[in-house]
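S.K.: quick one: sequence plus predicted model below, questions after.
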Amino acid sequence: MTDSAAPAPKKRGIFKKIGLGLLAAIAIFLIVVACQPADFRVMRTATMSAPVSAVFAQVNDFHQWEAWNPWGKIDPAAKQTYEGSPSGVGSVFSWAGNDQAGEGRMTLTESKPNVLIRIKLEFFKPMQGTNDVQFLFKPEGGRTSLTWDMSGRKNFISKGVCMFMNMDKMVGGEFEKGLAQIKAIVEKK
């Protein structure tokens, strides 16, 4: 007999070790993802040389958002619908767009003139999720400080994605663009 059949068990042993190592790496990754914090919060503030009533009007009416909402520019062809009250509590804005814009709905749940607006933000596609959004208005002399704040919980997939992408920078960057657009609009008036 020849020893030509002898190396096969060694090869299987190497593949078995590689397979076990790969399974261990996957298990460690899944454990690390599961241990990531579920709660998140993104917040940005801008100060505008405009009365608080002018700034409040931009946010309290979803029809005004078209001029400053940075996500509306991702898919200009997205289908947009408005329901409920024209502005304030009970107004609803829904969209359905391309893969980047996704599909979702915003419902204005609380509106305290020139002080606070709360919105329930629901995403249906590409991933489902519900977040709480609030806008805080603070008069400072003839100026207004506007804070855009979003909080929620990440599901398992979102936790994994956020290990490789900085959600605060991504979403916060869009908040900064939106606040800059509001500022440009209200300071022109």
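M.R.: Yep, it's here.
S.K.: contacts and neighbour counts: CA atoms only from here.
M.R.: OK.
S.K.: leaving out sequence neighbours, find the closest residue to the residue nearest to the spatial centre of the chain.
M.R.: In the chain, the C-alpha nearest the mean C-alpha coordinate belongs to residue 171, at 5.5 Å (C-alpha atoms, centre = their mean). Excluding the flanking residues, the one nearest residue 171 by C-alpha to C-alpha, 6 or more residues apart in numbering is residue 42, at 7.1 Å.
S.K.: give the other helices and strands that the longest helix belonging to the chain contacts.
M.R.: Scanning the chain for the helix with the most residues, using DSSP state H, yields helix 7-34. Secondary-structure packing of helix 7-34 (3 or more C-alpha pairs under 8 Å, 6 or more residues apart in numbering; DSSP states H and E): helix 156-162.
S.K.: where's residue 111, which helix or strand?
M.R.: Using DSSP states H and E, the element containing residue 111 is strand 103-112.
S.K.: mean confidence for stretch 177-184?
M.R.: The predicted model assigns stretch 177-184 a mean pLDDT of 97.
S.K.: gap between it and the chain center?
M.R.: Mean C-alpha position of stretch 177-184 versus that of the full chain (C-alpha atoms, centre = their mean, to the nearest Å) differs by 18 Å.
S.K.: lowest confidence element among the helices and strands of the protein?
M.R.: helix 156-162 (a mean of 71; mean pLDDT, DSSP states H and E).
S.K.: what helix or strand does the residue lying closest to residue 168 once chain neighbours are set aside sit in?
M.R.: Distance criterion C-alpha to C-alpha, 6+ apart; nearest residue to residue 168, sequence neighbours excluded, is residue 42 at 5.6 Å. Element membership of residue 42 [criterion: DSSP H and E] is strand 39-48.
S.K.: can you give me the distance of residue 46 to residue 17?
M.R.: According to C-alpha to C-alpha, to the nearest Å, residue 46 and residue 17 sit 56 Å apart.
S.K.: show me which of these two is the more surrounded one.
M.R.: Neighbour comparison, residue 46 and residue 17: the larger count goes to residue 46, with 16 against 12 (by other C-alpha atoms under 10 Å).
S.K.: any idea how far the more buried one lies from residue 143?
M.R.: 10 Å.
S.K.: try residue 113
M.R.: Distance from residue 113 to residue 143, by C-alpha to C-alpha: 16 Å.
S.K.: quick check: mean pLDDT of the helix or strand that contains residue 57?
M.R.: Following DSSP H and E, one finds residue 57 within helix 52-60. The pLDDT scores in helix 52-60 average 97.
S.K.: between strand 39-48 and it, find me the angle.
M.R.: Interaxial angle, helix 52-60 versus strand 39-48 (axes from the mean of the first three to the mean of the last three C-alpha atoms, to 10 degrees): 140 degrees.
S.K.: residue 55 is in contact with residue 147, correct?
M.R.: No. Using C-alpha atoms under 8 Å, residue 147 is not in contact with residue 55; the gap is 11.1 Å.
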